[in-house]
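Q: pasting the sequence and the predicted model now:
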Amino acid sequence: MKKIALIAASLAVLAAPAFAEDAKTVGTAPAEAKFSTVQKDEMFSSKLKGLNVYNQKDESIGEITDLAIKNHQVDALILSVGGFLGMGEHYVAVSPSSVNVRYDSKDDKWLASMNTTKEALKAAPEFKYPK
């Protein structure tokens with residue numbers, strides 16, 4: 001009986017936030033704060049990370065693993081290239097303008113392409129994360 005009472009009490013405590021009032025934002029934003037409206041068809045970094053990059057021959061040539069930001073702009077896309085199951089891969093930093101990222105509304109997914117070859121990316125200078 002004690003066990004059932006303890007489980008019921010635990011569930012009540014966990015469920016309490018679900019019945020709480022909607023969270024409210026309090027205070028004011030500084031005068032210099034700027035806000036944006038985000039549209040449904042805009043790209044988010046969470047959708048970009050892990051996106052496979054294909055070349056003009058429709059071959060998978062790498063995967064977007066990270067973004068490098070400099071002066072409030074995306075400076076480079078970090079691609080993982082040349083590996084299989086995490087072995088033998090290395091990273092290269094490429095200009096965002098060299099990767100075409102687009103939304104395919106017919107298939108409801110994001111696509112990335114680049115006009116290069118696997119060999120060219122494998123031969124590119126390796127990007128190493130700063131320590």
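A: Good, I have the coordinates.
Q: using the three-state scheme, assign the residue positioned nearest the centre of the chain.
A: By CA atoms, centre = their mean, the chain has its centre lying nearest to Ser46, at 2.6 Å. With DSSP: H, G, I helix; E, B strand; the rest coil as the basis, Ser46 sits in helix.
Q: any idea how far His72 is from it?
A: 19 Å (CB to CB, to the nearest Å). Backbone N, C-alpha and C define where each C-beta goes, glycine included.
Q: kindly report the same for Met43.
A: Counting by CB to CB - Met43 and His72 are separated by 17 Å.
Q: out of these two, which sits in the busier spot?
A: When Met43 and His72 are compared on other CB atoms under 10 Å, the one with more neighbours turns out to be Met43, at 12 against 6.
Q: quick one: which helix or strand includes the more buried one?
A: Applying DSSP states H and E as the criterion places Met43 outside every helix and strand.
Q: hmm, it is touching Val101, no?
A: Yes - between Met43 and Val101 there is a contact at 6.2 Å, judged by CB atoms under 8 Å.
Q: which residues do the two both contact?
A: Trp110 (CB atoms under 8 Å, 6 or more residues apart in numbering).
Q: Val53: what secondary structure?
A: Val53 - assigned by three-state DSSP - is strand.
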